[in-house]
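Participant: sharing a model prediction with you, sequence too.
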Amino acid sequence: MPPRWPRKPDRKDPEFRKLDDRMNFAVHVAVAATINSGLWFFQNITLAKWEWLPLLTAGWVIVLLVHLIYIAAIANYSPTPPKST
């Protein structure tokens, strides 16, 4: 069941930005897990020796960690001030 938002979604809303960033991170983790587990599965089934696969997995884990650090510690979810005209 997808999360429901009680009001009109707007990237200017700090709570919505935070939820949106966390949902994007969850999708990123799911895609990484799906692709990496599939590649490791086919490597084991075909008895292949793909030397690049551990590097790909490590690189993707690093990207996921950077993404997590950004949404958990760096991202600023404070309300944006109204623009003056």
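Facilitator: Cool, got the structure.

Participant: from Val66, how far out is the residue most central in space within the chain?
Facilitator: Closest residue to the average C-alpha location of the chain: Phe25 at 2.2 Å, with CA atoms, centre = their mean. Distance, Phe25 to Val66, by CB to CB, to the nearest Å: 11 Å. All C-beta spots, glycine's among them, are computed from the backbone N, C-alpha and C.

Participant: ok, now Arg4?
Facilitator: 30 Å.

Participant: more neighbours, the two?
Facilitator: Val66 (10 against 5; other CB atoms under 10 Å).

Participant: for the helix or strand of the chain with the lowest mean pLDDT, packing partners?
Facilitator: When each helix and strand of the chain is scored by mean pLDDT, DSSP states H and E, helix 14-46 comes last, with a mean of 94. Taking 3 or more CB pairs under 8 Å, 6 or more residues apart in numbering; DSSP states H and E as contact, the helices and strands that helix 14-46 lies on are helix 53-69.

Participant: now the helix it packs on and helix 14-46, what's the angle there?
Facilitator: 170 degrees (axes from the mean of the first three to the mean of the last three CA atoms, to 10 degrees).

Participant: could you say what helices and strands helix 53-69 packs with?
Facilitator: Using 3+ CB pairs under 8 Å, 6+ apart, helix 53-69 is in contact with helix 14-46.

Participant: for the helix it packs on, which residues meet the burial criterion?
Facilitator: 16-17, 21, 25, 32 (16 or more other CB atoms under 10 Å).

Participant: now swap in stretch 64-72 and tell me
Facilitator: Buried residues in stretch 64-72 (16+ other CB under 10 Å): 67, 71.

Participant: pLDDT on that stretch, on average?
Facilitator: Across stretch 64-72, the average pLDDT comes to 95.

Participant: what residues does it touch?
Facilitator: Applying CB atoms under 8 Å, 6 or more residues apart in numbering, the external contacts of stretch 64-72 come out as 18, 21-22, 25, 28-29, 32.

Participant: let's go with 6 Å and repeat that
Facilitator: Counting contacts by CB atoms under 6 Å, 6 or more residues apart in numbering, the residues outside stretch 64-72 that touch it are 21, 25, 32.
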